[in-house]
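> let me see the structure of the following:
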Amino acid sequence: MRITRRGWLGALLAGALGAATVFGAPAVARAQDITVFAAASLKDALDAVKAQWQAESEHKATISYAASSALAKQIEAGAPADVFISADLDWMNYLADRKLIRPETRSTLLGNRIVLVAPKDSAVQLAIAPDFELAEALGDGHLAMADVKAVPAGKYGQAALETLGVWNSVKDKVAQAENVRATLALVSRGEAPLGIVYQTDAAADPGVKIVGTFPADSHPPILYPVAVLAGSDKPEAQAFVEYLKSPAAKPLFEKQGFTVVTQ
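Numbering: from 1, shown residues only. Predicted coordinates:
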């Protein structure tokens, strides 16, 4: 039987439509999974927000937690991520200066506090004030802090100690960790008698207790900015950022001790 050109084209079109039905190639593109790079201090709260977002939207997110400095450097080196949440403005600015974020998607999401923690059974008692006796409380032990040159929690901690006039007395006793959760672990395991972490981290670990809270005016404001990365073209990335700022996410952040300051 002879097939005309028109008949051949019709058969080809019908076959293509049939294949689309069989293999599930719908007219609307499938939602894509997203990758989020987030400051280590966000883990408990952000895991809860992610789980809720996934349940409500049927989208999926993979979150990589580390120090903001390390994540920003990875993004600069080309790491495939869609969203970045930093624990300070400096590392978001770092990426913005290199045109690695979409500036129209940037906003400030959360606030936090830094605290002095000790192992839960510690008898240490200190009142955080100018010239307080931190070095004496440490004795022969070390003060656990995140990297003071790069990691936001470490930078905030050093700034507070300098403002209070005690940095010079303890700087040679500082044990620096790669991020704030590693700092917390040093204290929780009893490897350091004292440490400086975020209030939210202290609340997440029953192995530590808060000895004191640093005055808010002793260090720069602790703010967490969020933005979609310039290399991402996934609409789900912006949807996730919007969800982070929504009323649905607010109680999950507040439960972990964050202040929601979306702007």
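
> residue contacts, Ala175?
Neighbour list for Ala175: 142-145, 186, 191-192 [criterion: C-beta atoms under 8 Å, 6 or more residues apart in numbering]. Yep, even glycine has a C-beta here, placed from its N, CA and C like the rest.

> before we move on, what SS does it have?
strand (DSSP: H, G, I helix; E, B strand; the rest coil).

> what sits opposite it in the beta ladder?
Ala144 (DSSP bridges).

> about what we covered before: quick check: of the contacts of Ala175, which lies closest to Ser122?
Using C-beta to C-beta, Ala192 comes nearest to Ser122 of the contacts of Ala175, at 10.6 Å.

> which stretches of the stretch 51-200 of the chain form helices?
68-76, 89-97, 134-138, 152-163, 167-170, 180-188, 199-204 (DSSP state H, counting those that start in this stretch).

> among the ones you listed, show me which one is buried the most.
helix 180-188 (a mean of 25; mean count of other C-beta atoms under 10 Å).

> ok, back up a step: dump the helices of the stretch 51-200 of the chain into JSON lines; add mean pLDDT and distance to Pro119 as well.
JSON lines is the format used below for the helices of the stretch 51-200 of the chain (pLDDT from 0 to 100; distance: least, C-beta to C-beta, whole Å):
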{"stretch": "helix 68-76", "mean pLDDT": "98", "distance to Pro119": "27"}
{"stretch": "helix 89-97", "mean pLDDT": "98", "distance to Pro119": "30"}
{"stretch": "helix 134-138", "mean pLDDT": "97", "distance to Pro119": "13"}
{"stretch": "helix 152-163", "mean pLDDT": "98", "distance to Pro119": "18"}
{"stretch": "helix 167-170", "mean pLDDT": "98", "distance to Pro119": "18"}
{"stretch": "helix 180-188", "mean pLDDT": "97", "distance to Pro119": "6"}
{"stretch": "helix 199-204", "mean pLDDT": "94", "distance to Pro119": "12"}
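
> low-confidence regions, this protein specifically.
1-31, 262-263 (pLDDT under 70).

> if you set the cut-off to 90 instead, what comes out?
1-32, 58, 125, 262-263 (pLDDT under 90).

> span of stretch 95-107 from start to end?
14 Å (C-alpha to C-alpha, to the nearest Å).

> hmm, I was thinking of stretch 198-214
End-to-end for stretch 198-214, by C-alpha to C-alpha: 10 Å.
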